[in-house]
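J.: sequence and computational prediction follow.
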Amino acid sequence: MKIDLTDTTSSKINKALVQGRRSIGTPAVGMVLTLVIVTDEENAYDALKAANEASREHPSRTLVVIKRVSRSPRDRTTSRLDAEVRVGVEAGTGETVILRLYGEVINHAQSVVLPLLLPDAPVVAWWPVNAPLDPAKDPLGALAQRRVTDTYAAEQPNDELEARAGAYTPGDTDLSWTRITPWRSMLAAALDQVTCKVNSVEVEGEEFNPSCELLAMWLAGRLDVPVKRSVSSGPGLTAVRMQTDCGAIVLDRPDGSLATLSIQGQPDRAVALKRRETSELIAEELRRLDPDDTYAAALKFGVDRLGDRATATGGQEPAADTAAPATAPAPAKKAAAKKAPAKSAAKKSASKAAAK
């Protein structure tokens, strides 16, 4: 069932939700949380589709906040709120309210959303695209216990990761981190099967994929070894190679679906490691509402430390001929400094003789 409201208010939207539930014969509210999706018109359909699929596991009230751009200066000073209320089959197992904000009300979206939150239920805010640099300080993010972003949608993912690390607040998370959950589980299980020491790691994946950096930072922080980041044609993460005292451990996924786990001294094993849909990722994030300390530790390790760490912990001492040029010129400089006063004294005596 759909109810369209033009130039409306939050109070009228609440009344429409009650009316819709009564019309379909389900007056009771059985939702467990409120999911606030902040997006634009272009990405609203995909985000809402993923949220509806995730609601099968997490029945929720989904509030989609779309900030519409005003075309003229006059429209920018005129506030208007349009809403579309969906209940029943078209809203998954919960309720959906699509909010379109115009004019000045765009800057006060939290005032529109606050009366629509489910009472005594947790709030999760999700930015599929164009997430704020500090989600916790965003007016809508301040209403939520969990704040979900996706650095994969950023133009410069590495810069976005650095900004997220600097502004991290407990409760922040990223779908780029969620994407590597199966990889982290498989690598941890592989290391449990051996008693060897890991000496170095190589993470291979497509160039602008922050999941590769997050996995590399997690491995570098946990194993305390140099980690190399390699670029491949994808899709996504393609391989992780760990060099140990007992041989190599390789998890290779060239096609984005089926991976091969190779451990020295054991037969190769095929592992299902397919790339997951956004609905599966958001459903995983909704399973936990407490801070993700593991994500925080990996994020704060720092993208810029991956290359520096490989040099610093590689155990390679600089060669003697490399260090020599830095110290050899010192005696020559001292000798030149001693000769300089003698030359200047000779010039002074010569000028005095000429004057006489």
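T.: In hand now; what should we look at?

J.: do a quick rundown of the helices in this protein.
T.: With DSSP state H, the ranges of helices along the chain come out as 10-23, 41-54, 73-76, 109-113, 157-166, 175-178, 181-192, 210-223, 278-286, 293-301, 305-312, 320-327, 329-355.

J.: pLDDT averaged over the fifth one - what is it?
T.: Okay, so that is helix 157-166. Averaging pLDDT along helix 157-166 gives 91.

J.: Pro194 touches Cys246, doesn't it?
T.: Check again: residue 194 is Val, not Pro. Yes - look at Val194 against Cys246 with C-beta atoms under 8 Å: they come within range, at 6.0 Å. For glycine as for every other residue, the C-beta is placed from the backbone atoms N, C-alpha and C.

J.: more crowded one of those two?
T.: Val194 (18 against 14; other C-beta atoms under 10 Å).

J.: Cys246 and Ser185, how far apart?
T.: According to C-beta to C-beta, to the nearest Å, Cys246 stands 21 Å off from Ser185.

J.: next one: Ala144
T.: Distance, Ala144 to Ser185, using C-beta to C-beta: 27 Å.

J.: who has more neighbours, the two?
T.: Ala144 (23 against 11).

J.: for the closest residue to that one other than its chain neighbours, what are its contacts?
T.: Nearest non-adjacent residue to Ala144, counting by C-beta to C-beta, 6 or more residues apart in numbering: Ala125, 3.9 Å away. Shown in contact with Ala125 (C-beta atoms under 8 Å, 6 or more residues apart in numbering): Val36, Val38, Pro135, Asp138, Leu140, Gly141, Leu143, Ala144, Arg146, Arg147, Val148.

J.: what's opposite Ala125 in the beta bridge?
T.: Under DSSP bridges, the beta-bridge partners of Ala125 are Val36, Arg147.

J.: how about Ala239?
T.: Glu204, Asp252.

J.: thought it was touching Leu251?
T.: Yes - look at Ala239 against Leu251 with C-beta under 8 Å: they come within range, at 6.7 Å.

J.: out of those two, which sits in the busier spot?
T.: A direct count of neighbours by other C-beta under 10 Å for Ala239 and Leu251 places Leu251 higher, at 21 against 17.

J.: so what's the more buried one scoring on pLDDT?
T.: On the pLDDT scale, Leu251 gets 95.

J.: what about the residue lying closest to it once chain neighbours are set aside, how many residues nearby?
T.: The shortest distance from Leu251 to any non-neighbouring residue, by C-beta to C-beta, 6+ apart, is to Val240 (4.8 Å). Per other C-beta under 10 Å, the neighbour tally for Val240 reads 27.

J.: equivalent analysis for Leu191, please.
T.: 17.

J.: now do the contacts for it.
T.: Applying C-beta under 8 Å, 6+ apart, we find Leu191 in contact with Val198, Met242, Ile249.

J.: output the lowest mean pLDDT helix or strand found in this structure.
T.: helix 320-327 (a mean of 33; mean pLDDT, DSSP states H and E).

J.: any stretches of the stretch 251-356 of the chain with poor pLDDT?
T.: Counting by pLDDT under 70, the stretch 251-356 of the chain has low-confidence residues at 307-356.
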